[in-house]
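Asks: Curious how this folds, go ahead:
(chains A and B)
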Amino acid sequence: DAEITQSPRHKITETGRQVTLACHQTWNHNNMFWYRQDLGHGLRLIHYSYGVQDTNKGEVSDGYSVSRSNTEDLPLTLESAASSQTSVYFCASSEQGLAGRNEQFFGPGTRLTVL
Amino acid sequence: GDSVTQMEGPVTLSEEAFLTINCTYTATGYPSLFWYVQYPGEGLQLLLKATKADDKGSNKGFEATYRKETTSFHLEKGSVQVSDSAVYFCALSEEKAAGNKLTFGGGTRVLVKP
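Replies: Predicted coordinates for the structure are as follows:
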């Protein structure tokens, strides 16, 4: 069965360290997204990609970067982790098509703690 | 910009009670509207959606009607079960040429007690 996976599921790191969160999908979806979930804020879009070599900034992109070298993967990098980046991170993917018509499929999430 | 506002929780109910979660939105165009559900320890999954005015989405006993005149998409279920305990997110996606970014509300935690 097709799926979307994230690793690691839990990560503790220190302020200033570079951290990369992995996202891998086997749906063969063109669109991939990274969100962070914080109490009181719902999910906020960090970065997104509509295809290989395409990346775009979302609502809260400062301090994060992504790269898309193939269809299956969209790793999220925190260049220099800050305590404000402690959160739960979700990756999602969807087919390309008419906006709003295609369901986004979510991974199980990565809980990141920055000490 | 686009925004989604939903009622704050937590909402605590007894089994078989009626559930309503209010959701209103602001958008510049004609968005599609979604309800996603997040069960404890899991990612989000689509519960239902509506893509144009007056459409009704339904799934697992839940319903929501796209009301353009009131810019609302309220979620309802007539008789909840303990297994409906979860966090519910209202979201919208604008009709644009490419892609389908979602804008989420803050989420409403629902707790159903036996």
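
Asks: For the spatially most central residue of chain A, which residues are in contact?
Replies: Geometric centre of chain A, nearest residue: residue A:34, 2.6 Å, by CA atoms, centre = their mean. The contact partners of residue A:34, by CB atoms under 8 Å, 6 or more residues apart in numbering or on different chains, come to A:23, A:45-48, A:58, A:64, A:66, A:74, A:76, A:89-92. Quick note: C-beta positions are derived from backbone N, CA and C, even for glycine.

Asks: what's the farthest-apart pair in those residues?
Replies: A:64 and A:92 (15.3 Å; CB to CB).

Asks: Who has more neighbours out of these two?
Replies: residue A:92 (26 against 19; other CB atoms under 10 Å in any protein chain shown).

Asks: if I look at that one, how far off is residue B:48?
Replies: 17 Å (CB to CB, to the nearest Å).

Asks: next one: residue A:47
Replies: For residue A:47, the distance to residue B:48 - CB to CB - is 27 Å.

Asks: Likewise for residue B:93?
Replies: 14 Å.

Asks: So for those two, which sits in the more crowded spot?
Replies: residue B:93 (25 against 19).

Asks: Show me what from chain B comes close to chain A.
Replies: By CB under 8 Å from any CB of the partner chain, the residues of chain B that approach chain A are B:4, B:31-32, B:36, B:41-46, B:49, B:51, B:89, B:92-107.

Asks: how about stretch B:8-20: buried residues?
Replies: By 16 or more other CB atoms under 10 Å in any protein chain shown, the buried positions in stretch B:8-20 come out as B:11, B:13, B:19.

Asks: Near chain B, which residues of chain A are found?
Replies: Near chain B, when you scan chain A using CB under 8 Å from any CB, you find A:31, A:33, A:35, A:40-45, A:48, A:50, A:58, A:90, A:92, A:94, A:96-104, A:106-109.

Asks: returning to that earlier point: between residue B:93 and residue B:48, what contacts are shared?
Replies: residue B:34.

Asks: For the residue of chain B found nearest chain A, grab the count of nearby residues.
Replies: Closest contact between chain B and chain A, by CB to the nearest CB, is at residue B:32 (2.9 Å). For residue B:32, the neighbour count with other CB under 10 Å is 25.

Asks: ok, now the one 5 residues further on?
Replies: Residues near residue B:37, counting by other CB under 10 Å, number 20.

Asks: where in chain A is pLDDT low?
Replies: A:97-101 (pLDDT under 70).

Asks: where do the strands sit along it?
Replies: A:4-7, A:10-13, A:19-25, A:31-38, A:42-51, A:54-57, A:64-66, A:76-78, A:87-94, A:105-106, A:110-114 (DSSP state E).

Asks: How far does the last one sit from its chain's centre?
Replies: Computed by CA atoms, centre = their mean, to the nearest Å, the chain-centroid distance of strand A:110-114 equals 13 Å.

Asks: Which strands and helices lie in contact with it?
Replies: strand A:10-13, strand A:19-25, strand A:87-94 (3 or more CB pairs under 8 Å, 6 or more residues apart in numbering or on different chains; DSSP states H and E).

Asks: hmm, 10 Å instead?
Replies: Secondary-structure packing of strand A:110-114 (3 or more CB pairs under 10 Å, 6 or more residues apart in numbering or on different chains; DSSP states H and E): strand A:10-13, strand A:19-25, strand A:31-38, strand A:76-78, strand A:87-94.

Asks: What's opposite the residue lying closest to residue A:74 once chain neighbours are set aside in the beta bridge?
Replies: Nearest non-adjacent residue to residue A:74, counting by CB to CB, 6 or more residues apart in numbering or on different chains: residue A:32, 4.2 Å away. Note on residue A:32: beta-bridge partners by DSSP bridges are residue A:49, residue A:93.
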